[in-house]
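S.K.: pasting the structure only:
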């Protein structure tokens, strides 16, 4: 999942540079601060601004039919092709809030644009937090001034932004990479994200902002982002749920002056997305295991991923993994319900490299495999083809149930 | 879900009759006993025999691609059209056991047929219990003699059979009805079942045997069974999983001499199936809530059921219900991912009759609805059509995770 991030080169005499965060690439400023939306009193408002000189942006949004007001607004802004800033609040998702929610999202956009000296259409809006509660809009508007005034290109500003978008996250999540381009020179990417899988409780939407100083046109940025998210965020499936607010936004400034080859840029973007996705998997609520479901022998890649997803969503499999129980029978029962071709008498399963099932039957000693370690790889061969695919998930723990049954009561 | 069962009429002077169980209809004998497959030492072997005079049978089996050996065998037997007895063991599912498992299922069939004086093809075989462990075949063969010798048409024999098929069930599950036919005379149905949803742990397969003394031809029996299961067992969805062993077998003896109208018979069969399904829902492992997800305003019945199923499988919704939390935002986030048409800004939700969401936004007081009672009805209107459908599920409790993470370790 996580490609190693490339440390930023620090030439002798140059000031030390952070190797992570949305301000790592040239041409970006960020800030985080407090509007007062969270009962905890922690920071809850962030800005990331692209100062160009050649701004471009692309985004992917939740595929849920029920979308939050800021998603509708940001979709329009990104489609119009002029986004060069984003305002993000935590503490309230502004989802299922009706026409007032739409108006509130637009008010935040207008106010942020005014503070930043931008046109409204240049500002994307993201919200994360509780669903169905009216947005305390005056708090956001009051908070915007100080946060805008704090905008800065330093690593600490990036981290402040990363902290301000946290909800149930236990740690801020940042990534970054500096790439020596085959085209000559180097370009950087930075990122921040929050969330625990595609959605854990209703208040843990997945949001991510990626920045880069590469010179990239919008259509190329869009293609690279879709490819990167398909291989990273979309392969993390903690509980099968998808929020009303999920957004991944990438902004390019062009400030490095380096125009990488599209494949080079796509690989780098995939790297930082995978890094963030891995951090989200690791921080999923209540998770005690980091689980990879790897399917081989499938007819197509799509079927391999679908089979892995079916296994990774099976509550019985996930409970067994929580109990460190090498219960391969549940894996077979789960994969047998996946909408894929498989050989019913030819399925193979291994846990952490130990074969436990061959020809859809037990391998001697299968029940003795030790799964007490934190990382578990469940490998399943469907026996019908050559395609492979994997999904990253977690166990289903007592902590998950405790957390998600007690959140709003 | 549960149609009330009709008490059997007891004419003055007639011996008291049980109103439930597979021996309620005339022409059936049953028995339960101990083969020694369960570590608990409880009964684990059951027989139900149809003595005619006009035997017919039909069955539905799991749609899992991975099927247990007895399912393959019983499918063949039912297809051949001569099934008039069933042998059921608990304690071992004989699933994922390879060619030896196939041989073992056939050995059980042969031995039971011999004990009963039937042809092998007249005997269906069902197994439930742990997956992937070899069947202790000698224990089953040794146990068959005493169980066959105990076959009897009494209510206590039916209850012994119902107890012997239990695995994680906390209570035996029986149903029955006696119907005064529009065709004149009366016919009865009896039933036993086990399991907690379509599958809860790998060892809680759903099995059900229904008996009737109505005169019913095989094709009519088959059609009635498919209609009944679609409206009963298939609408119970505790955890979205489907076992390798699920079987519902119905046998008709014709001993009442009454040939009911097909619709009359189908309604009665649906009634006992719904009764059993409701008992399974109530006894689901770890469940603290009995939840009905009722969807209206759908484009088609299929979409209504699909939407209800998506909501009923959502772990976040189920955790909220465990916590008696009226978290309608999670219901909206879940239904928005269902593969159905809906009006994204026109969804309505109520909990136990209290409106909590209208036009996809909060109704004042929504968070104060009291969901502490055991039964919860989640009603969702999709706002696009006239069709309706419902699914019965449970909450996702700490008990479910505890139970399913500790079962085989």
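M.R.: All right, it came through fine. Everything numeric in this text was worked out from a predicted model, so none of it was measured. Numbers count the residues shown, from 1 in each chain, chains lettered A, B, ... in the order given.
S.K.: surely residue A:398 touches residue B:403?
M.R.: No: with contact defined as Cβ atoms under 8 Å, residue A:398 and residue B:403 do not form a contacting pair (11.2 Å). Any C-beta I mention is one placed from the backbone N, CA and C, and that applies to glycine too.
S.K.: residue A:141: neighbouring residues, count only.
M.R.: Other residues near residue A:141 come to 17 when the count uses other Cβ atoms under 10 Å in any protein chain shown.
S.K.: next, it: phi, psi?
M.R.: Phi and psi for residue A:141, reported as degrees, to the nearest 10, are phi -60, psi -40.
S.K.: quick one: pLDDT of it?
M.R.: According to the prediction, residue A:141 has pLDDT 97.
S.K.: roughly how far apart are it and residue B:292?
M.R.: Residue A:141 is 43 Å from residue B:292, where distance means Cβ to Cβ, to the nearest Å.
S.K.: with residue A:35 instead?
M.R.: Relative to residue B:292, residue A:35 is positioned 41 Å away (Cβ to Cβ).
S.K.: how about residue A:37?
M.R.: For residue A:37 relative to residue B:292 (Cβ to Cβ), the value is 35 Å.
S.K.: I'd like the average pLDDT over the strand or helix carrying residue A:113.
M.R.: Using DSSP states H and E, residue A:113 sits within helix A:98-116. In this model, helix A:98-116 has an average pLDDT of 97.
S.K.: got it, and stretch A:70-85?
M.R.: Rounded mean pLDDT across stretch A:70-85 is 96.
S.K.: identify each buried residue in that stretch, please.
M.R.: Judged by neighbour count using 16 or more other Cβ atoms under 10 Å in any protein chain shown, the buried positions of stretch A:70-85 are A:70, A:71, A:72, A:73, A:74, A:77, A:78, A:82, A:83, A:84, A:85.
S.K.: those: which two are farthest apart?
M.R.: The span of the buried residues of stretch A:70-85, defined through Cβ to Cβ, is set by A:72 and A:84 at 19.6 Å.
S.K.: please parse chain A into its domains.
M.R.: Domain ranges of chain A: A:28-283, A:290-406, per the TED database.
S.K.: what sits against the closest residue to chain B within the stretch 101-250 of chain A?
M.R.: In the stretch 101-250 of chain A, the residue that lies nearest chain B is residue A:131 (2.9 Å; Cβ to the nearest Cβ). Counting by Cβ atoms under 8 Å, 6 or more residues apart in numbering or on different chains, residue A:131 touches A:68, A:93, A:95, A:96, A:202, A:203, A:244, B:329, B:330, B:332, B:333.
S.K.: likewise residue A:406?
M.R.: Going by Cβ under 8 Å, 6+ apart, the list of residues near residue A:406 reads B:323, B:325.
S.K.: now swap in residue A:60 and tell me
M.R.: When contacts are counted by Cβ under 8 Å, 6+ apart, residue A:60 is found next to A:225, A:226, A:229, A:247, A:248.
S.K.: for the second one, helix, strand, or coil?
M.R.: Going back to what we said before, that points to residue A:226. Assigned state for residue A:226: helix (three-state reduction, DSSP: H, G, I helix; E, B strand; the rest coil).
S.K.: any idea how many residues pack against it?
M.R.: Based on other Cβ under 10 Å, the number of other residues close to residue A:226 is 15.
S.K.: tell me the pLDDT of the nearest residue to it once chain neighbours are set aside.
M.R.: Leaving aside its sequence neighbours, residue A:226 sits nearest to residue A:60 (Cβ to Cβ, 6 or more residues apart in numbering or on different chains; 6.3 Å). Looking at residue A:60, its pLDDT reads 92.
S.K.: sticking with residue A:60, tell me its helix or strand.
M.R.: strand A:56-61.
S.K.: what of residue A:95?
M.R.: Assigned by DSSP H and E, residue A:95 belongs to neither a helix nor a strand.
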